[in-house]
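# Here is a sequence together with a model predicted from it:
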Amino acid sequence: MVFSSISFLLFLAVTCCLYHLIPGLRARNILLLIASLLFYTLGEPVYILLLLASSVVNYFLARGIAAAKGQESAPNHPAGKFGKPHTSGKTLLTVAVVFNIGLLVLFKYAGLGLRLPIGISFYTFQTLSYVIDVYRGDARVQRRYPDLLLYITFFPQLIAGPIVKYHDIADQLAERKTSAEKTALGLRRFIFGLAKKVLIANTCAVAVDQIYALAPEQLCAASAWTAALLYALQIYYDFSGYSDMALGMAGMFGFSLKENFAHPYGATTIKAFWRRWHISLSTWFKEYLYIPLGGNRKGATRTMLNKYIVFFLTGLWHGAGINFVIWGLIHGTFSVLEERGKWAKRVQGNVVGWIYTALVVVLAFVFFRAETLGSALTMIRTMFTGFSPSAEAASLAIRPWDPYTIAMAVTGALLMFDWKARLTHSGEKTLSRGLETAGFLLSLGLLVLCVMGLVSGSYNPFIYFRF
């Protein structure tokens, strides 16, 4: 990206100030559209044309599907009240699926050596969901192209999600309210997300990169487990940090987006993990693939097959490498085993279930992080067999654990759980207000620390930018 971290903060501040100074929702939408196009153009000066072309094609395909359903001739008719579209509507939907998935195949999987456009997986899935929702009658077609383009290019979540389904935001494009309180809450959420990334994820990343750079003979069980556990923290705080930033920025502009993470490392089954991890992606596959395939309505064998298809494609969505596919299939396998075995109910909600889920997730992430299948297998083998390290390997295992890394790792481990919900579970309003006040004060200190970290040049790109 052309934007440096500090430049982006200035860009956000200027955009937010202008947004609140300009009267009228239409003018504010135009400002956000211009800012979003500028944001992507500075990062992808060539591929902005691809993004615009994709939006135009999907705009007209959706209009054609709506016409086949009778929406275009009855623009005030509620969505979902029309009959099934004419055969031409089905044809146009097929064209939309082939076109959008074709873009992903061309840039991600065809092996043509093309540079991957930032965020293409996110905005392609998002745009495709819009066309499908129009076909199903779950959303009205957007007749104003600038509003549809704003939905597709909205800069807070354009390049790394979360995936926003059109029917969840359509009404907000036409009518939403902003307030000082909502803006302040959005800013606080943004700062907390930035702190997750800069203070925790980046710190873990340094240690993880050091270990993965070692030769196999320099590894031992301690260093391998360090890399696996710290990477689990890194990817969670990297991606959930960006999601918090996206939701916070959206809130500053009056939008309310759905949560993308819900403390997934507190889950006690793999099924529960996927209800909490990257929620926008898992629900996308559920609504637009798993259920259309038949879900769990066509017998145990078909359910198992459907789950494997979904998790195979979930892995493939992240990249064409075999490691991503294995990562997805590991989750698919344990999801199937939980579905077919009574043991899953016995461990659900207890410590045994949490340990089991954590082990599966951490070990699967080794395949996600490793550059090659051989590197992943070496790391996992060392985790369970490398208990007699050489003096050099033992020394290298200790090296990543400086006091700051220890502090950030411990902080990350503690923040995995929803302490706020536990503390306010009794309904104590005084405690709840105290936590809110403390949160605002804490955010100011975190912002100072984050800016110091960004100025020092220790910033790393978000992991999910490459997807």
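Right, received. Where do you want to start?
# quick one: residue 18 and residue 253, what's the gap?
Going from residue 18 to residue 253 by C-beta to C-beta, to the nearest Å gives 11 Å. Where C-beta positions appear, they are placed from N, C-alpha and C, glycine not excepted.
# Comparing those two, which residue is more hemmed in?
More crowded of residue 18 and residue 253, by other C-beta atoms under 10 Å: residue 253, with 24 against 15.
# What residues does the more buried one make contact with?
Residues counted as contacts of residue 253 (C-beta atoms under 8 Å, 6 or more residues apart in numbering) are 16, 19, 28, 32, 156, 178, 186.
# And for residue 348?
Neighbours of residue 348 in contact, by C-beta under 8 Å, 6+ apart: 268-269, 272.
# what do you get for residue 376?
For residue 376, the contact set (C-beta under 8 Å, 6+ apart) comprises 323, 326, 366-367, 369-370.
# repeat that with 10 Å
If you count contacts by C-beta atoms under 10 Å, 6 or more residues apart in numbering, residue 376 has them with 322-323, 326-327, 363-370.
# Closest one to residue 44 out of those, please.
Nearest to residue 44 out of these is residue 368 (C-beta to C-beta; 24.9 Å).
# which residue packs closest to that closest one, ignoring adjacent ones?
Nearest residue to residue 368, sequence neighbours excluded (C-beta to C-beta, 6 or more residues apart in numbering): residue 327, at 4.7 Å.
# Residue 232 touches residue 360, doesn't it?
No - if you go by C-beta atoms under 10 Å, residue 232 and residue 360 don't touch, sitting 11.1 Å apart.
# Is residue 65 in a helix, a strand, or coil?
Assigned by DSSP: H, G, I helix; E, B strand; the rest coil, the conformation of residue 65 is helix.
# What does the pLDDT read for it?
We have a pLDDT of 94 for residue 65.
# Hmm, it is touching residue 87, no?
No - using C-beta under 10 Å, residue 65 is not in contact with residue 87; the gap is 11.6 Å.
# Tell me which of those two has more neighbours.
Of the pair residue 65 and residue 87, residue 65 is the one with more neighbours under other C-beta under 10 Å, namely 27 against 9.
# Between residue 232 and residue 360, which has more neighbouring residues?
Comparing residue 232 with residue 360 by neighbour count (other C-beta under 10 Å), the higher total belongs to residue 232, at 25 against 18.
# The residue nearest to the more buried one when sequence neighbours are not counted: neighbouring residues, count only.
Closest residue to residue 232 apart from its sequence neighbours, by C-beta to C-beta, 6+ apart: residue 362 at 5.0 Å. Neighbour count of residue 362, defined by other C-beta under 10 Å: 17.
# In contact with residue 290, which residues?
Counting by C-beta under 10 Å, 6+ apart, the residues that residue 290 touches are 282-284, 296, 303, 306-307, 309-311, 313.
# For the buried ones among these, write the corresponding PyMOL selection.
Filtering the contacts of residue 290 down to the buried ones (16 or more other C-beta atoms under 10 Å) takes a single PyMOL command:
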select buried, resi 282+283+284+303+306+307+310+311
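# So among the contacts of residue 290, where is pLDDT lowest?
The minimum pLDDT among these falls on residue 296, with 85.
# For the residue lying closest to residue 388 once chain neighbours are set aside, the count of nearby residues, please.
With sequence-adjacent residues excluded and distances taken as C-beta to C-beta, 6+ apart, residue 388 is closest to residue 220, at 8.0 Å. Counted with other C-beta under 10 Å, residues neighbouring residue 220 total 24.
# now the one 10 residues further on
Neighbour count of residue 230, defined by other C-beta under 10 Å: 25.
# Start at 11, not 1
New numbering, starting at 11: the last item is residue 240.
# okay, it: pLDDT?
In this model, residue 240 carries a pLDDT of 97.
# Check which helices and strands the helix or strand containing it is in contact with.
For residue 240, the host element (DSSP states H and E) is helix 231-262. On a contact count with 3 or more C-beta pairs under 10 Å, 6 or more residues apart in numbering; DSSP states H and E, helix 231-262 meets helix 15-31, helix 190-205, helix 212-222, helix 361-379, helix 383-395, helix 401-408, helix 413-424.
# what distance separates the shortest one from the centre of its chain?
Mean-position distance between helix 401-408 and its chain equals 35 Å (C-alpha atoms, centre = their mean, to the nearest Å).
# Now do that helix against helix 383-395, angle only.
Angle of helix 401-408 versus helix 383-395, following axes from the mean of the first three to the mean of the last three C-alpha atoms, to 10 degrees, is 100 degrees.
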